[in-house]
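[1] quick one, what's the 3D model for this:
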Amino acid sequence: MINKYHHWFYLIVLLLFYIVPVSSQNKPFDPKLQKIIAINDENKKLIDDDFSNISSQQLFYYFLLVSEELQHIQLYQPMFENLVSKMDQTVLENFQSTKAINLSENQQQKLAENLLIYLHQFIFKKYMANSNSVSELFDRGWYNCVSSSILYGIFLKRYGLALAGI
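    This next block holds a predicted model:
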């Protein structure tokens with residue numbers, strides 16, 4: 001009796017493997033998927049860009065892009081440039097150079113640590129788990145691990161410090 005039901009089970013499973021793929025091929029294309037599949041020119045530029053020699057301004061532009069706030073570039077670009085000025089001035093005052101290549105290995109490590117401290121002084125005000133956009137960061141000072149890492153990475157790159165995602 002067990003063998004009889006056992007065979008039926010395998011037959012039903014085999015039929016399901018045949019019926020499900022065949023029936024799904026007859027469904028019309030879901031228009032919602034088009035948005036996922038389509039990559040606009042701005043995102044294609046991001047994907048294809050050479051990040052080995054990229055400016056902090058271009059990285060911030062991409063931050064706006066992935067935050068889906070590119071339409072507000074006129075508002076946030078000057079705020080970013082103001083932050084860059086403050087960071088450059090602070091780094092120069094404390095390290096006498098804004099280029100990591102001019103610093104010893106120990107000074108480079110100290111610079112990397114201090115950049116995070118400076119960002120907390122100038123922009124990072126309150127950790128909010130869901131705050132990963134440019135607007136929340138610059139308007140309220142709210143940040144999370146994503147937004148803070150992106151901005152921190154922009155400044156590490158600006159000063160020539162090595163960084164890698166883990």
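[2] can you give me the strands in the protein?
    Assigned by DSSP state E, the strands in the chain fall at 126-127, 142-143.
[3] out of those strands, nearest to I117?
    Nearest of those to I117, taken as CB to CB: strand 142-143 at 14.2 Å. Placement of C-beta: from N, CA and C, glycine included.
[4] any weak-confidence spans in the protein?
    Within the chain, the ranges that satisfy pLDDT under 70 run 1-38, 166.
[5] okay, which residue is most central for it?
    The residue lying closest to the centre of the chain (CA atoms, centre = their mean) is I150, at 5.8 Å.
[6] most tightly packed of the strands of the chain?
    Among the strands of the chain, strand 142-143 has the highest mean neighbour count (mean count of other CB atoms under 10 Å), at a mean of 22.
[7] who does that one touch, helix- and strand-wise?
    Where contact means 3 or more CB pairs under 8 Å, 6 or more residues apart in numbering; DSSP states H and E, strand 142-143 is packed against strand 126-127, helix 134-140.
[8] distance of the residue nearest to the centre of the chain relative to L75?
    18 Å (CB to CB, to the nearest Å).
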